[in-house]
Every structure is written in structure tokens, then in C-alpha cells.
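Participant: Got a predicted structure plus its sequence, pasted below:
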Amino acid sequence: MSVKSKKEVIISLFIITFMLQPTNGYIWANVYDQPFEFLCKDGTAISQIHSVHDNHHEDRIFAFQCRVTEIQQHTLCNWSQYANAFDQFFSFQCVNHGFITGIQSYHDNGREDRRFKFHCCEIQEMDVTECYFTNPNPFDATFTATAQENYVFRGVTSTHDNHREDREFSWEVCRLKNRNE
């Protein structure tokens, strides 16, 4: 192996190691240009989504946090089909009273975009109510979307911009409420 190749390998390993380290409390689910699958443990739901865009890679990295739901066991859970085609707008919502507990994605360097699948769970005794959408993130910028206590992410809309090679996201946040209240 040449000196240049060894140096490139060391730099690549440093970058990958750095990307997988917690930064400001976040543990990245992916590195740029790579697929990821993130899934909360049973009885929890995604409570925060943090994402950073990089213009060199024309991609985003994602970090997630999970929070315990009111009931510790989800009754109906499954993965969606891909919610989007490359370079296209999409609108996704978990069916019935479902909420997002996982996200899967892969990146295409030719299109400089990602496709997304969502893992949705439903609790038979619970409804999702009082829903609202977050403001869309600016293109080419870092964003954090948070579902406050007793709220979950139910859906998302997303628009791709071919000039900026980035997506804006607006997350649907809903209150998780016991049907007997």
C-alpha cells in the first residue's frame, strides 16, 4: 500500500469514527452517502430528529432520540413501502392512529437525494389528536424537530430542490391520548 493510500485510509477512518461519535448529545444514524435504518425499542417512539446537510456530499446525516410512550407495548407495527421517488415531493402519514418509531433511508449519488421508509406503530387504547405540522427546515441547513412530552411524530411532508440538492421537511406532530380520557 502506498503512503498516499495509507494516509487516505487513516483520514477516512478518522472521518467515519468522528461521524459516529456523539456530538452535542447526538449519535448519528448514518454517514454521508450511506443508507441507514433506525428503530426505537418497543414501547418508545421517536421524539427528536436532528439533521445536518453537507454541500460537498449533497446529503444529510440524521440523529434520533426516542421517548417512552404511555403504554409500554405497541400492538400493531410495520414498515411502510418507500414513501417517495427520487427528486419528488412526498407526503407520508402513519395509518389509523399510528406514529413513527423508525426510519430507513438510502442515498443515490447520481440524483443526490434519499428515499425513505417509515416504521409505524399503533397502540389500541390510544388516539393521535391535536396534530400540527412543524415549520419546514431551510434548505442546506441544520434542523431539529422535537415532539414534546405526550406527543409523537405521525407523518411528514418533504420537497426536494434539484438546484440545492436538498430536502425540506415538515413533520406532523400529534398528541398521544388515551381513548378513555
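Facilitator: Good, I have the coordinates.

Participant: Buried residues in the biggest strand by length in the chain, which are they?
Facilitator: The longest strand of the chain (DSSP state E) is strand 166-178. If you call a residue buried by 16 or more other Cβ atoms under 10 Å, then strand 166-178 has these buried ones: 166, 167, 168, 169, 170, 171, 172, 173, 174, 175, 176, 177. C-beta: built from backbone N, CA, C; applies to glycine.

Participant: which residue ranges form the helices in this structure?
Facilitator: Secondary structure of the chain (DSSP state H): helices at 3-20.

Participant: Below-threshold pLDDT in it: ranges please.
Facilitator: The model of the chain has pLDDT under 70 over residues 1-25, 71-74.

Participant: Can you tell me the centre-most residue of it?
Facilitator: The chain has residue 103 as the residue nearest its centroid, 5.3 Å off, counting by Cα atoms, centre = their mean.

Participant: Tell me the strands beside the longest strand of the chain, with direction?
Facilitator: Paired strands of strand 166-178, with direction, are strand 126-133 (antiparallel), strand 151-161 (antiparallel) (DSSP bridges).

Participant: Contacts only, for the residue lying closest to residue 84 once chain neighbours are set aside.
Facilitator: Distances taken as Cβ to Cβ, 6 or more residues apart in numbering put residue 90 closest to residue 84, at 3.6 Å, once the chain neighbours are dropped. Listed by Cβ atoms under 8 Å, 6 or more residues apart in numbering, the contact partners of residue 90 are 83, 84, 116, 156, 157, 158.

Participant: just these now: which is nearest residue 66?
Facilitator: Ranked by distance to residue 66 (Cβ to Cβ), those are led by residue 156 at 16.7 Å.

Participant: That closest one against residue 173, yeah?
Facilitator: No: in this structure residue 156 lies outside contact range of residue 173 using Cβ atoms under 8 Å: 10.1 Å.

Participant: hang on, the earlier thing: what's opposite the residue nearest to residue 84 in the beta bridge?
Facilitator: Those that pair with residue 90 in a beta bridge, by DSSP bridges, are residue 158.

Participant: how near is it to residue 168?
Facilitator: 12 Å (Cβ to Cβ, to the nearest Å).
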